[in-house]
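Undergrad: The following block contains a protein sequence and its predicted model.
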Amino acid sequence: MGILARLRRDRRNRQIVDQLWDQVVASARDPARFLEGGLPDTVEGRFEALSLEMIVVLRRCSSEPRLRDLSQDLVDRFMTDIDHSMREIGISYLAVPKRMRRFAARFYTRVRDCEPAFAEGNEAKLADALARTVLAEAVGGRPDAAPCLAPHMMRQQARYAALSVEDILAGRLLEPPEAEVA
């Protein structure tokens, strides 16, 4: 493959990852996660919402070999976005790497704690995991709301599972708005 072809492919891959990331962020901002689901509307709560959305997207990608590289690109985009967000809110340049390690560890802990419940499709088990981790550790989180957040996340997982590989590779996770449907 020539250098120009590789550059075009890399540019297209970045566009797709950016499209997917924008949709992950839009889904993570669903007000139900904060109002009924008990996530605090804080920097920490938004991180937790993004982490949960990433977990279900990555679960979908892991089931298909053609999506594995894309899933790593999405994780990289997630971590880059967190890094940029910390810098934008004024966290010192020297403190960002240390905080990034903590955020990454927190994310992978969420993956570990929630994965068994997602794999079993067990809402009660997921609610327990969310109450013990996500909602207990985010300052202002409401662990008692975990029974509302768990079914929401299970529905997200089912929605992503129903997507075709081609849709995901084309950068489509969400349905188009009603006005765009022909």
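TA: Looks like it came in fine. Quick caveat, the model's predicted, so the values are computed rather than measured. Residues are numbered from 1 along each chain as shown.
Undergrad: can we go C-alpha only for contacts and neighbour counts from here?
TA: OK.
Undergrad: Residue 23 against residue 160, yeah?
TA: No - in this structure, residue 23 is not within contact of residue 160 by C-alpha atoms under 8 Å, at 11.8 Å.
Undergrad: and the residue positioned nearest the centre of the chain, what is it in contact with?
TA: Centroid-nearest residue in the chain: residue 54, 2.0 Å away (criterion: C-alpha atoms, centre = their mean). For residue 54, the contacting residues are 24, 75, by C-alpha atoms under 8 Å, 6 or more residues apart in numbering.
Undergrad: helix, strand or coil for it?
TA: Following DSSP: H, G, I helix; E, B strand; the rest coil, the label given to residue 54 is helix.
Undergrad: same check, this time on residue 172
TA: Secondary structure, three-state DSSP: residue 172 is coil.
Undergrad: which ones are touching it?
TA: 19-20.
Undergrad: Please report how far it lies from residue 17.
TA: When C-alpha to C-alpha, to the nearest Å is the yardstick, residue 172 and residue 17 sit 10 Å from each other.
Undergrad: Would you check how far apart residue 67 and residue 149 are?
TA: With distances taken as C-alpha to C-alpha, residue 67 is found 27 Å from residue 149.
Undergrad: Have a look at these two and say which one is more surrounded.
TA: Neighbours per residue (other C-alpha atoms under 10 Å) separate residue 67 from residue 149, with residue 149 holding more: 25 against 18.
Undergrad: what's the closest non-adjacent residue to the more buried one?
TA: Spatially, and ignoring its direct neighbours in sequence, residue 149 is nearest to residue 37 (4.3 Å; C-alpha to C-alpha, 6 or more residues apart in numbering).
Undergrad: Tell me which residues touch the one you found, please.
TA: Taking C-alpha under 8 Å, 6+ apart as the test, what residue 37 contacts is 142, 145-149.
Undergrad: so it, which of the three states?
TA: coil.
Undergrad: for it, phi and psi?
TA: Backbone geometry at residue 37, expressed as degrees, to the nearest 10, gives phi -80, psi -10.
Undergrad: Distance of it relative to residue 167?
TA: Distance from residue 37 to residue 167, by C-alpha to C-alpha: 28 Å.
Undergrad: ok, residue 138 - how many residues close by?
TA: Other residues near residue 138 number 21, with proximity taken as other C-alpha under 10 Å.
Undergrad: per-residue pLDDT, it?
TA: If you check residue 138, the pLDDT there is 89.
Undergrad: my guess is it contacts residue 46, does it?
TA: No - Residue 138 sits out of contact with residue 46 when judged by C-alpha under 8 Å, with a separation of 9.6 Å.
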